[in-house]
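Chemist: Build me a structure from this.
(one chain, ligands or ions: 1)
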Amino acid sequence: MKLLTLILILTASLCMAQTKVQTQPFDSLGNQTNNFDDQQFAGKLDSATVLLATLVNSKEFEEAFLKVKCLRKNGKNNKEIIALIRSGQEEGTQADNVINLKVAFDYTANEEASTTDKKNVIHINKRYVSDNGVEYLAAQLLHEYCHVLGFCHSKRKARFRPYTVPYRIGTLAATQLHASCVRPN
Ligand SMILES: [Zn+2]
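Modeler: Prediction:
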C-alpha cells in the first residue's frame, strides 16, 4: 500500500514537472563555444530565457494557444503542440522537460533570427536584440524553437504565413509578455 502511495506521488510530481529553458553558446559559424563573447547580449538572453520558461509553463499561454487556428501543424492538434514544446523533445533527443536553445549572436542574419543550419543553431541578429525589449527576444526564441521541433513556414510573406505554428506561437508569446500577462513570480 505504501509503495502504491509513493508511485502515485511520484507520478503526480512528474506530471507537474516544470519545463526549463537552457541555452548553449555558439559562434556565428555555428560552432559551439564556451561563452558568448558579448556579455550584454548574454545578459539579455538570460533574462529572455527566464521569461520564456515562465511563459511556456503558464496556463494563460496554454489557454490562449488552444483557441487559435493554426496551419502546418505536422499532424498535431494545438494541445499536442504545447505538450511537445513543454516536453523539450528536440529532434533526436529524449523528452526531458528542458528546452535546449543553441544560440549564436551575429549580424549576418538578414531577419530577426533564423534557424537554418542542420545543427539547429538559432542565429539571432544582434541588431534585433539591441533594438527590442527582452520580451521580444523571448518570443523570437520560441518562434525559432518551433523550427527546431520541425514546424515550418514559407520564406515569402505569404498570406497564410501568420497562421503557421512558429508565427502563431511567437506572436502570442510577444503579445502576452508585452502585455505583462505572464511575469516571473
Ligand atoms: Zn521562422
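Chemist: what's the single longest helix in the protein?
Modeler: helix 39-57 (DSSP state H).
Chemist: got the contact list for that one?
Modeler: 18-23, 25, 35-36, 61, 85-86, 99, 101, 103, 105, 126, 129, 134-135, 137-138, 141-142, 173, 176-177, 182-185 (Cβ atoms under 8 Å, 6 or more residues apart in numbering). C-beta here means a position set from N, CA and C on the backbone, and glycine is covered the same way.
Chemist: Show me what counts as buried in that helix.
Modeler: Residues of helix 39-57 classed as buried by neighbour count (16 or more other Cβ atoms under 10 Å): 41, 44, 45, 48, 49, 51, 52, 53, 54, 55, 56, 57.
Chemist: helix or strand right after that helix?
Modeler: helix 59-67 (DSSP states H and E).
Chemist: quick check: mean pLDDT across the following helix or strand past that next one?
Modeler: Per DSSP H and E, the first helix or strand lying C-terminal to helix 59-67 is helix 78-87. Helix 78-87 comes out with an average pLDDT of 97.
Chemist: any weak-confidence spans in this structure?
Modeler: Low-confidence segments of the chain (pLDDT under 70): 1-3, 5-16, 109-110, 116-117, 181-185.
Chemist: Swap in 80 and give it another go.
Modeler: Low-confidence segments of the chain, defined by pLDDT under 80: 1-16, 92, 108-113, 115-118, 180-185.
Chemist: Nearest the geometric middle of it, what residue?
Modeler: With distances taken as Cα atoms, centre = their mean, the residue of the chain nearest its centroid is residue 142 (2.7 Å).
Chemist: and that one, how far is that from residue 154?
Modeler: Applying Cβ to Cβ, to the nearest Å, the value for residue 142 to residue 154 is 19 Å.
Chemist: Please put the alpha-carbon coordinates of stretch 19-26 into CSV.
Modeler: The C-alpha trace of stretch 19-26 is given here as CSV (Å, rounded to 0.1, in the frame of the first residue of the first chain):
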residue,chain,number,x,y,z
THR,A,19,9.7,23.0,-18.2
LYS,A,20,13.1,24.6,-18.0
VAL,A,21,14.9,26.6,-20.7
GLN,A,22,18.7,26.3,-21.2
THR,A,23,21.0,28.0,-23.7
GLN,A,24,24.2,26.8,-25.2
PRO,A,25,26.6,29.4,-26.8
PHE,A,26,27.5,29.0,-30.5
